[in-house]
Structures are given as structure tokens and as C-alpha cells.
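K.L.:
Sequence below, structure please.
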Amino acid sequence: MAKHKKRTAPAHRSADSKDLPPGWIRARGPGRIPVQAHSKLGTMALSEEVDDELKGLFEKYGASEEQQSLFFKMQKLTNMPDVFHRHASHEQILWAVLVGSAELPEKPTASDVSFCARKIEERLRNLDEAEKRFKWFSAEWTKPLMQQMIRNWFCGSLVICPELSTSTGSPIQFVREYYGDDIGYPTPEGQTDEWKEFQRSLYVLMARSTCLAYPMATARGIVSFSDMQDFDWAKYDMESKSRNSDVTQLVPNRLTRMIAFHPDDKMIKFYQDMGARARKKWGFEQYATFADAVAGEKDFLPEKLPSFVGGTYEVDVLQCLKYLFRREPEALALMEATYAEMEAAKEIPKPKHMR
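P.N.:
Numbering: from 1, shown residues only. Below is the predicted model of the structure:
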């Protein structure tokens, strides 16, 4: 097959799809690139240049043959919302495929594949809703959001370390439940609608950055490892779970396992009331102590675990943040500048468990 030189829109043209050459669409936002709207994907008639791009993408994410087939099927979808044509890069489509086919058996039947295809198509059609509600494509990191992100990570909340992953390759969000004044978590009286919207925006932006930085976050799912000893029932926003219950149905942020330890009596009762079937479905495991958690998950967790959750590994939080934003130059620059300002003003939290 002859190589075809990739066409690009003239510099004077606008970014609107109608102003681009026939058969081309533009994707915007972090990690999104202009992609050609292929009309012959059913016969795999891609140019060698795009074949190489997709091959690299499939290898990067470890996509199976079935998942690759589903990817090409999704590219042939018709009557898709405008946001799909404007924003859905190859990588965005693959995220939906990977999350939507997470439960696909090793040797799937035609029925299994059809079921996953319907779930993936629904996710892609819902990208319009993801943008309307959460600004999944257009949201940008701001200084206040970045300040809170830095506070959270330097207090041990949802920290992902590139050196530490599960035996299956999943990235791990390490959590030290903490509600001290230095993390900026308000009392119930201060949990205004504006604060709740701010928290949701922070969650969505971190989810998007995680998808970009960690391919296995969508390919294998994320695992949380949480020390609950400092959990504060009086402060915790109890409605956050139900209020944001549908976020993961619209954005590709898949939590595949939840491992918690040091529960109080209320948490123990909740765990018991869930029942074995529900716990298995949600991948939820609870242990009395850190040692119990390590022993129970010895074949799953890495040998090294962060000191702020009971291990001995000293995590360089700043380097972890740099890794998280390595594919987002503007966010990385904002993080570094914000950190420098906070450090100069002595505003970087240093709770006892992080020292």
C-alpha cells in the first residue's frame, strides 16, 4: 500500500470541522490530536502512517485482538453527537473500548462481544453529556484547583506513584484518610454548593490526567489502598458518593479494587452488610491492620509501599505530580509554578504521617 502524505488544515482556517478538508475532523484538549474520519475502517484500509500510530497505541495499552476489533467497530458508528467528531481522538475511543470491555472473558463468545460493544457505544454517545456536565474535554487546570491538588497529595490523598503498581499492572491510588485544617477540607457548614462543584471539577480533571499519564488506568483499572485510621465521620461529605455516582459512567475512570484497613466499628458493619457477592462485584476488601492487608494481598501488591500508609518507601510527591502531568505541558508548568509559590509561602502541608 502506498504511503499518503497526511493532510493538515491551512493555518488560516478555523478549528471548526466544517472549515477543514473533506473527511477530516479536529480533536481538542489535552492528549487529543487531529484525526482523519476514516470511511473504510471496516476493511482496515488505513494508511501505513495511521496503521503505525494505531499499532503503537494498541501496544501501549495492551489491547487484545477483540478490543482492537471493537475499536474499529466504534470508529464506524453513525449519527454520533458533534462532540464525538470534534474531540474523540484514537486514544479517547480506545479508553472507552478498554473500560467498556473490562469484563470481556479471555475467550469471548459473539454474545459477549456484542454486549460489550453496546456498552462502549453508549459510553461514546455519552461523551456529549460528559462535556456538558463535567467539561471532560474543555476543562482546564486553574491555580485554585492546582493548589488543592498539591495540598491533597502532600497530605497523602489519592497519591499515585509511577514506581508502584500491582502485579497485574494497575496503578495504585494510595490514600491516608485525613481531614486536618492544612488539607483544606471544610466542616459540613462550609461544604457549600460552590465547594461541592469545585471538588467534582478537581476529581474529573485528576481522572483525565490519570488516564493520560497511566495507560493501565483504563486498560487494567485503578486500585485504591487506604489507611482509614484518621477518617472523620463528622467532616466527611456523606452525599458525595451518591451525588457523583454517575461520573464513572461518563468518564473513563475505572476503580477495579478497593483495599482498606484500620476500619472503625461503623466501617466493619458496612463491610459485613455488603455481603460476599457485593464485595466481590466491587472488588472491596477490608483488613484490620496494615500487616493483615499486606499478608492478604501479598501476591497482588508491590513489595514496597508508601510510608504514609504504613510501609517504608519514601514517596517523592513532587516527582509523582510531575509524572502525572508529563503529557500536559500547560498543567505541568502551572503545577511547578504553584508549588514554588506555596513552598516560598510555607503553605505546603506537612502532616505528621507524611514526615
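
K.L.:
tell me, what residue is most central in this protein?
P.N.:
residue 207 (3.4 Å; Cα atoms, centre = their mean).

K.L.:
secondary structure class for the closest residue to that one other than its chain neighbours?
P.N.:
Residue nearest to residue 207 in three dimensions, not counting chain neighbours: residue 253, with 3.8 Å by Cβ to Cβ, 6 or more residues apart in numbering. Heads up, the C-betas are built off the backbone N, CA and C, glycines and all. At residue 253 the chain is in coil, as set by DSSP: H, G, I helix; E, B strand; the rest coil.

K.L.:
doesn't residue 255 make contact with the residue nearest to the centre of the chain?
P.N.:
No. Residue 207 is not in contact with residue 255 according to Cβ atoms under 8 Å; the separation is 10.1 Å.

K.L.:
Who are the packing partners of the helix or strand hosting residue 206?
P.N.:
Using DSSP states H and E, residue 206 sits within helix 193-213. In terms of contacts (3 or more Cβ pairs under 8 Å, 6 or more residues apart in numbering; DSSP states H and E), helix 193-213 is packed against helix 127-134, helix 143-154, helix 215-219, helix 240-243, helix 247-250, helix 317-324.

K.L.:
Reformat those as CSV; add distance to residue 293 and mean pLDDT.
P.N.:
Formatted as CSV, the helices and strands packed on helix 193-213 follow (distance: least, Cβ to Cβ, whole Å; pLDDT from 0 to 100):
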stretch, distance to residue 293, mean pLDDT
helix 127-134, 32, 94
helix 143-154, 22, 98
helix 215-219, 21, 97
helix 240-243, 22, 80
helix 247-250, 24, 85
helix 317-324, 21, 98
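
K.L.:
Which one, of those helices, ends up nearest to residue 53?
P.N.:
Of all these, it is helix 215-219 that lies closest to residue 53, at 14.9 Å by Cβ to Cβ.

K.L.:
Give me the next element, helix or strand, following the helix or strand hosting residue 85.
P.N.:
Taking DSSP H and E as the criterion, residue 85 maps to helix 82-87. Heading C-terminal from helix 82-87, the first helix or strand you meet, by DSSP H and E, is helix 90-100.

K.L.:
buried sites along that following helix?
P.N.:
For helix 90-100, the neighbour count (16 or more other Cβ atoms under 10 Å) marks 90, 91, 92, 93, 94, 95, 96, 97, 98, 99, 100 as buried.

K.L.:
what's across from residue 223 in the sheet?
P.N.:
For residue 223, the beta-bridge partners are residue 172, residue 257 (DSSP bridges).

K.L.:
rewinding a little: distance of the residue nearest to the centre of the chain from residue 186?
P.N.:
Distance, residue 207 to residue 186, by Cβ to Cβ, to the nearest Å: 22 Å.

K.L.:
Find the residue ranges of this protein scoring beneath the pLDDT cut-off.
P.N.:
1-50 (pLDDT under 70).

K.L.:
Swap in 80 and give it another go.
P.N.:
Within the chain, the segments meeting pLDDT under 80 span 1-50, 241-242, 244-245.

K.L.:
Domain-wise, how is it divided?
P.N.:
17-134, 143-354 (automatic domain parsing).

K.L.:
Would you mark the buried spots in stretch 65-78?
P.N.:
Using 16+ other Cβ under 10 Å as the burial criterion, the residues of stretch 65-78 that qualify are 66, 67, 68, 70, 71, 72, 73, 74, 75.

K.L.:
now do stretch 250-268
P.N.:
250-263.

K.L.:
now swap in stretch 215-232 and tell me
P.N.:
For stretch 215-232, by 16+ other Cβ under 10 Å, it's 215-227, 229, 231.

K.L.:
Please compute how far that stretch lies from its chain's middle.
P.N.:
Stretch 215-232 has its C-alpha centroid displaced from the chain centroid by 11 Å (Cα atoms, centre = their mean, to the nearest Å).

K.L.:
cool, and stretch 95-110?
P.N.:
18 Å.

K.L.:
can you give me the end-to-end distance of that stretch?
P.N.:
Terminal residues of stretch 95-110 are spaced 22 Å apart (Cα to Cα, to the nearest Å).

K.L.:
Test my guess that residue 191 contacts residue 237.
P.N.:
Yes. Judged on Cβ under 8 Å, residue 191 makes contact with residue 237 at a distance of 5.5 Å.

K.L.:
These two - which one has more neighbours?
P.N.:
Legend: neighbour count by other Cβ atoms under 10 Å for residue 191 and residue 237, higher for residue 191 (18 against 15).

K.L.:
what's near enough to touch that one?
P.N.:
The contact partners of residue 191, by Cβ atoms under 8 Å, 6 or more residues apart in numbering, come to residue 237.

K.L.:
repeat for residue 294
P.N.:
Counting by Cβ under 8 Å, 6+ apart, the residues that residue 294 touches are 301, 305.
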